Structures are given as structure tokens and as C-alpha cells.
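**Student:** Got a sequence here, can you model it:
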Amino acid sequence: MRPRDPRRLLERQRRSRARVEIVHVPQSRYSEVGGVSSRQVAEVTLPRSELEKMWAPEYLERLARTYWSFLSRFSLGLIRVLYAPDSRDVVFLRRPFVLLRFQKPEYEFNRDGGTVTWPINRGVLVARRGRGRGFLRLSVHRKPAEDGSDEVTIVVASEVVNFYPTIATRLSRWIYEQTQLRIHVIVTHAFLRSLANLELEPSRVGAFRAAAEAAISPVVRR
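**Tutor:** Numbering: from 1, shown residues only. Prediction:
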């Protein structure tokens, strides 16, 4: 393996506005009927002032968009996410090569965090018996901060629940774990580490941004 250039590492740390630590959790578990679940977690520590700017529903929507955009960049554009009013298609280059089709995202919020959930519909990577079952979820949770501390830590998790992979069904769980699951973990950990720059892309849909702007806009009387 080629050694990392210390100068590049120092430059990356200089640009980072937050610290990211991957939390090691079991990579996967199986249900009695064959559904697989996996979870990757990171703790992101950042200045309290930065978090206050971002602690709003709009930024959870932007986190979701950043996740899909990162997937496309990581794959050098081979994998793309196509948006439709009621679905999100993860495709290899273009339709009809749909690897995963999700239903439109569902959002939940509370004062300590929020979640965005994409119910799994179908796709090449989904076994027939797994269609319409399971989901992909991103969650953000704010940990209690120490009194007087200028920093705060949030827990960001990506999890797939009750997913039925075609590879495991047609071949074996071992092959699935050594290929698709391993790639998924690598990509997700890379995404979580990328959050150190706190650069979240604008949402394609922008529903919560529009709602926030409408809430603060003055009422114009005619």
C-alpha cells in the first residue's frame, strides 16, 4: 500500500471544521427469515456555534442529498441517483439498470435530532421476497454537552434494516459479506469521515428550505 503523504494529511486536517471518529459496531446481523441489517456510526465533534447554524430540518434534508451525491462521486459517476416525486432510483449509469429503488423519504424530527428513512421497494440488488420490505435510514442525534464547553458531539448513523440481498439469496451470505456488504461499509465510512468539512449540499427537492423561508417571510397584505 502506498504510504500517505503527511503534508496532505495535515492540509486535510487544517481544512476540517469538525472531528470525526468512527464508532465500531457489528457489521451485520440476520433475521430468522433471512433479512440482513447493518449499521455504521460516527461521532462528529464540532464547535457549538457551527451546530447551532445547522440544527434545523433543512440540514437533515441536505445531509440526505450529500449522502447520495457522495455515492455518485465515490463511484466516479458510474452510480447515480435519479429523483422522482415518489421514488429515488440508484442506477448503474442510467435506467433501466436500477440497482435499488426506494420510496420517497420520510422525515422525523425532535429537539435532540432526526431521521430520514427511505423504504426499500425493489431493484437488481433486492431479492424478490425482499421487495417492499426493509429500509435505509440516516439518523442524527445530539449528545448532551458539558457545561461551558465550546464543542458539542453529534452521533450520525447509517443503517440498512431488513434488507434481502439478491447475492445472499442466489449464492451465499459469505459471498454477500465479502462483496456487497464490504463495499457498502467502506463507502459509508468514507461518507461519514467526509462530514468533517461540514459541507452539505443543497437539497434537490428543498421542501424544508422552502417551508423555513415561508415561515420567516413577512406577510404581504394587499
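
**Student:** Please count neighbours and contacts with C-alpha atoms only from this point.
**Tutor:** Will do.

**Student:** And the closest residue to residue 208 other than its chain neighbours, how close does it get to residue 152?
**Tutor:** Of all residues not flanking residue 208 in the chain, residue 58 sits nearest, at 4.8 Å (CA to CA, 6 or more residues apart in numbering). As judged by CA to CA, to the nearest Å, residue 58 and residue 152 stand 20 Å apart.

**Student:** do the same with residue 28
**Tutor:** Applying CA to CA to residue 28 and residue 152 gives a distance of 29 Å.

**Student:** Which one's more surrounded, those two?
**Tutor:** Shown here are residue 28 and residue 152; by other CA atoms under 10 Å, residue 152 has more neighbours (20 against 16).

**Student:** how far out from the middle of the chain is the helix or strand that contains that one?
**Tutor:** Per DSSP states H and E: residue 152 is located in strand 151-163. Remark: strand 151-163 is offset 8 Å from the chain centroid, using CA atoms, centre = their mean, to the nearest Å.

**Student:** And for stretch 79-94?
**Tutor:** On CA atoms, centre = their mean, the centre of stretch 79-94 falls 15 Å from the chain's centre.

**Student:** Show me which residues of it are buried.
**Tutor:** 79, 80, 81, 87, 88, 89, 90, 91, 92 (16 or more other CA atoms under 10 Å).

**Student:** Pull up the per-residue confidence for residue 144.
**Tutor:** Note for residue 144: predicted pLDDT of 88.

**Student:** same thing with residue 27?
**Tutor:** We have a pLDDT of 71 for residue 27.

**Student:** which residues does it contact?
**Tutor:** 38, 39, 40, 185 (CA atoms under 8 Å, 6 or more residues apart in numbering).

**Student:** try residue 130
**Tutor:** 35, 122, 163, 164, 165.

**Student:** Which SSE is immediately downstream of the biggest helix by length in the chain?
**Tutor:** In the chain, ranked by residue count with DSSP state H as the criterion, the top helix is helix 57-74. With elements assigned by DSSP H and E, the helix or strand that comes after helix 57-74 is strand 79-84.

**Student:** helices or strands up against that next one?
**Tutor:** helix 57-74, strand 87-92 (3 or more CA pairs under 8 Å, 6 or more residues apart in numbering; DSSP states H and E).

**Student:** how about TSV for those, with distance to residue 174 and mean pLDDT added?
**Tutor:** Compiled in TSV, the helices and strands packed on strand 79-84 are given as follows (distance: least, CA to CA, whole Å; pLDDT from 0 to 100):
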stretch	distance to residue 174	mean pLDDT
helix 57-74	24	94
strand 87-92	24	94
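
**Student:** Among the ones you listed, single out whichever gets nearest to residue 108.
**Tutor:** Counting by CA to CA, residue 108 lies closest to helix 57-74 out of the helices and strands packed on strand 79-84; the figure is 8.9 Å.

**Student:** and the angle for the closest one with strand 79-84?
**Tutor:** Helix 57-74 and strand 79-84 are oriented at 140 degrees to each other (axes from the mean of the first three to the mean of the last three CA atoms, to 10 degrees).

**Student:** quick one: buried residues of helix 57-74?
**Tutor:** 57-72.

**Student:** ok, those vs residue 50, which is closest?
**Tutor:** Nearest member of these to residue 50, counting by CA to CA, is residue 59, at 12.1 Å.

**Student:** so how far is residue 51 from the closest one?
**Tutor:** From residue 59 to residue 51 the distance is 10 Å (CA to CA).

**Student:** wait, isn't residue 38 in contact with residue 31?
**Tutor:** No: using CA atoms under 8 Å, residue 38 is not in contact with residue 31; the gap is 11.5 Å.
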